[in-house]
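Trainee: need a 3D model of the sequence below.
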Amino acid sequence: MDQRLFQAALTGDIQALHELLVEDPLILERVDLAPVSDTPLHIAALARKNEFAKEMIRLKPSFASEMNIDGFSPIHMAFANRQVELVKVLLKVDSSLANFKDRSERLPLHLAAMRGRIEVLGVLISACPEPA
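Mentor: Numbers count the residues shown, from 1 in each chain. Just a heads-up that it's a prediction; the model follows:
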């Protein structure tokens with residue numbers, strides 16, 4: 001992934017993201033095709049940059065279902081980091097994201113429960129009760 005895109009995701013710089021898109025309109029397509037460990041959405045979710053993450057979902061919704069090299073999807077990261085707002089956005093994109101398992105066969109629900117993330121558990125159960 002382009003280091004500037006990584007840095008924009010890490011810092012939540014939406015303006016830098018749009019400048020990169022003007023410079024290279026296919027930059028997100030290249031990330032999608034390349035064997036990378038994390039998409040910009042993974043980075044933003046991990047760094048708690050919710051506004052950037054929401055913009056990334058708007059621009060490239062397919063990133064919501066990408067698994068990184070560790071087997072985590074952005075929703076796993078959002079659950080683990082108590083990002084209730086981002087969890088809601090991701091579930092609106094695709095409620096089946098709640099059923100994505102990591103490499104250890106854990107659902108986002110499991111990660112949230114293991115870490116005592118009660119607030120995100122409630123979001124999951126109300127949005128998608130099947131895994132519960």
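Trainee: okay, now the unreliable bits of this protein?
Mentor: For the chain, the stretches with pLDDT under 70 are 36, 128-132.
Trainee: what ranges do the strands span in it?
Mentor: Assigned strands in the chain: none (criterion: DSSP state E).
Trainee: who touches residue 54 in this structure?
Mentor: Neighbour list for residue 54: 86, 89 [criterion: C-beta atoms under 8 Å, 6 or more residues apart in numbering]. In short, each C-beta sits where N, CA and C put it, glycine included.
Trainee: 6 Å instead?
Mentor: residue 89 (C-beta atoms under 6 Å, 6 or more residues apart in numbering).
Trainee: so how far is residue 9 from the residue nearest in space to the middle of the chain?
Mentor: What sits nearest the mean C-alpha location of the chain, by C-alpha atoms, centre = their mean, is residue 74, with 2.6 Å. For residue 74, the distance to residue 9 equals 11 Å [C-beta to C-beta, to the nearest Å].
Trainee: ok, back up a step: so the residue nearest to the centre of the chain touches residue 41, yeah?
Mentor: Yes - taking contacts as C-beta atoms under 6 Å, residue 74 lies within contact range of residue 41: 4.7 Å.
Trainee: got a list of what residue 8 touches?
Mentor: By C-beta under 6 Å, 6+ apart, residue 8 lies in contact with 16-17.
Trainee: pull the number of nearby residues for the nearest residue to residue 60 once chain neighbours are set aside.
Mentor: Spatial nearest neighbour of residue 60, excluding adjacent residues (C-beta to C-beta, 6 or more residues apart in numbering): residue 28 at 4.8 Å. By other C-beta atoms under 10 Å, 22 other residues sit near residue 28.
Trainee: before we move on, back to that, distance check, the residue nearest to the centre of the chain against residue 47.
Mentor: Where residue 47 is concerned, residue 74 sits at a distance of 12 Å (C-beta to C-beta).
Trainee: list the residues that contact residue 90.
Mentor: Per C-beta under 6 Å, 6+ apart, neighbours of residue 90: 64, 75, 97.
Trainee: and of those, the nearest to residue 112?
Mentor: The closest of the contacts of residue 90 to residue 112 turns out to be residue 75 (C-beta to C-beta; 10.1 Å).
Trainee: alright, calling it a day.
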